[in-house]
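Enquirer: Pasted the sequence and its predicted model underneath.
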Amino acid sequence: MKQGIAYFVVIAVLGNIIAALWLMWWTNKDSGKIPAKDTTHVWDDDLTEYNNPLPRWWLWMFFLSIVFGLGYLVLFPGLGNYPGLLHWSSVSQLDAEDSAARAAFEQRFAGYKDKSLTEMSKDPTAMATARNLFALNCSSCHGSDARGAKGFPNLTDQDWLWGGTEDAVYQSIAKGRENAMPAWGPAIGPEGVEQVLAYVLTLSGRQGPGALASPETIAAGKTRFETLCVACHGPDGKGNQALGAPNLTDNIWLHGGSVDDIRETITQGRINHMPPHLERLGETKVRLLAAYVISLSPPVAAR
Amino acid sequence: MKADAPTGRGLYKAHQKVYAREVGGRFVRLRNMAVVVLLGLYYGLPWLQWNGRQALLFDLPARKFYLFGLTIFPQDLYLLTWLLIMAALSLFFFTALAGRLWCGYACPQTVWTEIFVWMERLTEGNRSQQMKLDRGPWTRAKFARKFAKQALWIGFAGFTGMTFVGYFSPIHALVGKIAGGTLAGWELFWVIFYGFATYGNAGFMREQVCLYMCPYARFQSAMFDRNTLIISYDAKRGEPRGPLRHDSTRVEGKGDCIDCTLCVQVCPTGIDIRKGLQYECIACAACIDACDGVMKKVGLPVGLVRYGTQSELDGTPTRIFRPRILIYMALLGALLAGFAYAVAHRSLVDLDVLRDRNTLYRELDDGRIENVFTVRIINKDQHAHAFRLSASGLPNAIVDSDDGAQAVEAENVKSIVVRVRIPAYQEHGGKNFVITAQALDDPSLQAKSRARFYSKP
């Protein structure tokens, strides 16, 4: 607060209190002017207003309010830039309540510190909390049912972009993931895109319409794939979890599986970003979330 | 309005304690009965048990109000509003009919003051003994009496505060905490706060609450008319007032009022009813009992001070069924019938449907369109039920969920994520449909909620 405004506030607050005190003193003194019986107002011929005085304790309550107000101004901020003896602020209160809530949470889940994520993923108490954490922090992208959406991976299938081990899932949530596929349209032209598209479709056992189905196009696409795409997606197109390069042979498509969608992906490239959560949520919550994600995709044998 | 003007000239006056004389009679008996019944209900109800839990419990942290067999959820809060509107209308109705019945017989301020006054009489004696005691010096006897009174008051106020908290926090556990000295936090605060409020209001503030604080006291007179029953002094019969002769016969030309001032001495608000209707009068009828007793003693007919109407005092007949009364009655009856219907036909299942916020729709690899909803099933019944979810108004729609059978525990809420799915390109744009949750073991137990399905434009 600027010094001038601070002084104005101090003067206004104290001035008001002094004015209130004066008003009480003035109404309490025997002025000798107010008639004892009534206020001399008469309406409708015979209606008069009597002077029915307030009980004196009412006046004490006014004084008590002033004492309370002065006490408040000493303890809490109210007089300009004076912070008050308690140094209270809404920010400090929020911080205190926030750290208290965090400490209570940490204490409640202290017993899980030594458990593996897989063990946690089978604990109903931990998963009930993790489910709420997921709804709060993850569902806005991955969906309430964790099945994702276009551009946001489905977490309930067995297909992992960055790996499905305990450590890989934990790293994905804690540190986040960043990945980009370059745009190939400018480099290989529309014809090249069609060729790669035709070949990529066959990796999932599909066949495109029209020219995309011709063996020559597919063969040309295979050649292009083996020079351009193998670096990330591998010679067999099964991807590389170390790079976060998707498996192209399982007919699971992060950015849409229609022919048009895949063409757009090859032509314009894709950028994906998963934000890091460790700093924001803390170790315990990230571990709970990682365990929850693991619980969504149990090993194939268990299905 | 108060007829006697203050003697001072200021805007404030010192409070003077009203020493109300004890009186006997039929209205006092009625009032004592009201005290016993109402306080009995207040102190007794929290101890009642129902199906293994406290029969009457307002569980604020869990957002559940238990009223015997009825469990009120936040979704039912309109019932409470309804109840309060009925309470307000009843106040209007009974006030128009028979004056300030509420103030005289049922108001907590009156009822607790009665108990505190009774304790005061127990320890300090009757009216004149109390006045003498207060005027006299601080002797050992005076201290003992005052101490006994305070001990009774504070003990009773503390018990009142505990009972109050017992409506919000299970009372058996609460008593255990008090006995063990482990009561803390908000429970302790409210026990002390409510106890202190009882002690202050019933012990010291008394009639001043009615005179200076209570809004109902002031606006009830707006519901009075010439046919409302009020505590009235029959001035035609009583005036001119005057004392009896020494041989207990009346002076020639004097009215029936013998000016014994007993009606003033028994008044808990310290007014003289012979000056007519005043805002201070809480219609407790103590003056009626006092005057009737005197009239019987001097051999005159009772009823010089009585429940009467302005019309009756003026010598015209009293009309009970006038438009004001009939309208209040009709409104009250309609609301009561509606309330009974709403409670009886209250749905024991509620359903909330929330759309997922990030994507409008999801296209599966085979072209089918999926929308994700979070469904909250609120089971207000006292038994657990399994629910089946279905969609109507959306052809070929399938409701799918990872959670299997939707078992919801008794009096509990469960959130379930569901996927509603339709065949490829069946719908275009958005379409409203209805999700229904139906109990498997009781098909009549169901709730519906509207939702919107989005698909490719």
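Expert: Nice, I can see it.

Enquirer: so is residue B:176 in a helix, a strand, or just coil?
Expert: With DSSP: H, G, I helix; E, B strand; the rest coil as the basis, residue B:176 sits in helix.

Enquirer: I'd like the distance between the residue in the stretch 201-303 of chain A that chain B sits nearest to and residue A:251.
Expert: Proximity of the stretch 201-303 of chain A to chain B (CB to the nearest CB) peaks at residue A:257, 4.9 Å away. The way it works is simple: take the backbone N, C-alpha and C, and place the C-beta from them, glycine included. As judged by CB to CB, to the nearest Å, residue A:257 and residue A:251 stand 7 Å apart.

Enquirer: next one: residue B:198
Expert: Counting by CB to CB, the separation of residue B:198 from residue A:251 is 74 Å.

Enquirer: Looking at the two, which is more packed in?
Expert: Counted by other CB atoms under 10 Å in any protein chain shown, residue B:198 and residue A:251 do not tie: residue B:198 has more neighbours, with 23 against 15.

Enquirer: need the contact list for the more buried one.
Expert: B:112, B:156-157, B:160-161 (CB atoms under 8 Å, 6 or more residues apart in numbering or on different chains).

Enquirer: Figure out the helix or strand that it lives in.
Expert: Per DSSP states H and E: residue B:198 is located in helix B:185-198.

Enquirer: Give me the buried stretch members for that helix, please.
Expert: By 16 or more other CB atoms under 10 Å in any protein chain shown, the buried positions in helix B:185-198 come out as B:187, B:190-192, B:194-195, B:197-198.

Enquirer: just the residues you listed now: which is nearest residue A:109?
Expert: Nearest to residue A:109 among these, counting by CB to CB, is residue B:187 at 28.0 Å.

Enquirer: taking the contacts of residue B:198 one by one, which sit in helices?
Expert: Among the contacts of residue B:198, the members found in helices (DSSP state H) are B:112, B:156-157, B:160-161.

Enquirer: Mind pulling the model confidence for the residue in the stretch 51-200 of chain B that chain A sits nearest to?
Expert: Closest to chain A within the stretch 51-200 of chain B is residue B:200: 11.0 Å, counting by CB to the nearest CB. What the model reports as pLDDT for residue B:200 is 95.

Enquirer: Now the phi/psi pair for it, please.
Expert: Residue B:200 adopts backbone torsions of phi -70, psi -50, taken as degrees, to the nearest 10.

Enquirer: For it, give me its contacts.
Expert: Residues near residue B:200 by CB under 8 Å, 6+ apart: none.

Enquirer: same check, this time on residue B:375
Expert: Applying CB under 8 Å, 6+ apart, we find residue B:375 in contact with B:351-354, B:389, B:415-418, B:435, B:437, B:449.

Enquirer: ok, the residue nearest to residue B:166 when sequence neighbours are not counted - how many residues close by?
Expert: Using CB to CB, 6 or more residues apart in numbering or on different chains and skipping the chain neighbours, the partner closest in space to residue B:166 is residue B:46 (4.0 Å). Residues near residue B:46, counting by other CB under 10 Å, number 22.

Enquirer: any idea of the pLDDT on the spatially most central residue of chain B?
Expert: Note on chain B: the residue nearest the mean C-alpha position is residue B:87, at 7.8 Å, using CA atoms, centre = their mean. Looking at residue B:87, its pLDDT is 93.

Enquirer: Mind listing what's buried along the helix or strand it falls within?
Expert: Using DSSP H and E, residue B:87 sits within helix B:77-98. By neighbour count on 16+ other CB under 10 Å, the buried set for helix B:77-98 is B:79, B:82, B:86, B:89, B:91-98.

Enquirer: Following element in sequence after that helix, please.
Expert: Using DSSP H and E, the helix or strand that follows helix B:77-98 in sequence is helix B:101.

Enquirer: Would you mind listing where chain A has pLDDT under the threshold?
Expert: Scanning chain A for pLDDT under 70 picks out A:30-39, A:298-303.

Enquirer: hey, where'd the strands end up in it?
Expert: Taking DSSP state E as the test, the strands found in chain A are A:38-43, A:47-50, A:54-55, A:177-181, A:270-274.

Enquirer: when you check chain A, which of the contacts of residue B:375 turn up near it?
Expert: Contacts with chain A within those, counted by CB under 8 Å from any CB of the partner chain: B:415, B:417-418.

Enquirer: Derive a ChimeraX selection command for the buried subset of these.
Expert: The ChimeraX selection below is limited to those of the ones next to chain A among the contacts of residue B:375 classed as buried (16+ other CB under 10 Å):
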select /B:417,418
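
Enquirer: can you put the ones next to chain A among the contacts of residue B:375 in TSV and add pLDDT?
Expert: TSV is the format used below for these (pLDDT from 0 to 100):
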residue	pLDDT
B:415	86
B:417	88
B:418	90
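
Enquirer: Nearest to residue A:274 among the ones next to chain A among the contacts of residue B:375?
Expert: residue B:417 (20.9 Å).

Enquirer: domain assignment for chain B?
Expert: What the record gives for chain B is the domain set B:12-346, B:349-454, from automatic domain parsing.

Enquirer: Burial check on the closest residue in space to residue B:272 that isn't next to it in sequence, number of neighbours?
Expert: In this structure, residue B:272 finds its nearest non-sequential neighbour in residue B:264, 4.9 Å apart by CB to CB, 6+ apart. Neighbours of residue B:264 under the rule other CB under 10 Å: 17.

Enquirer: and what of residue A:270?
Expert: Residue A:270: 16 surrounding residues under other CB under 10 Å.

Enquirer: do residue A:222 as well
Expert: Applying other CB under 10 Å, we find 16 residues neighbouring residue A:222.

Enquirer: Name the nearest residue to it, sequence neighbours excluded.
Expert: Closest residue to residue A:222 apart from its sequence neighbours, by CB to CB, 6+ apart: residue A:199 at 4.9 Å.

Enquirer: Check the gap between that neighbour and residue B:377 for me.
Expert: Applying CB to CB, the value for residue A:199 to residue B:377 is 49 Å.

Enquirer: cool, residue B:108 as well?
Expert: 40 Å.

Enquirer: Looking at the two, which one has more neighbours?
Expert: residue B:377 (22 against 15).

Enquirer: sorry, back to before: now distance to residue A:272 too, for the domains of chain B, in a markdown table please.
Expert: Listed next are the domains of chain B as a markdown table, based on distance: least, CB to CB, whole Å:
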| stretch | distance to residue A:272 |
| --- | --- |
| domain B:12-346 | 41 |
| domain B:349-454 | 15 |
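
Enquirer: Who are the contact partners of the residue of chain B positioned farthest from its centre?
Expert: In chain B, residue B:366 marks the outermost C-alpha relative to the chain mean, sitting 62.3 Å out by CA atoms, centre = their mean. Residue B:366 is in contact with residue B:424, counting by CB under 8 Å, 6+ apart.

Enquirer: so is it in a helix, a strand, or just coil?
Expert: coil.
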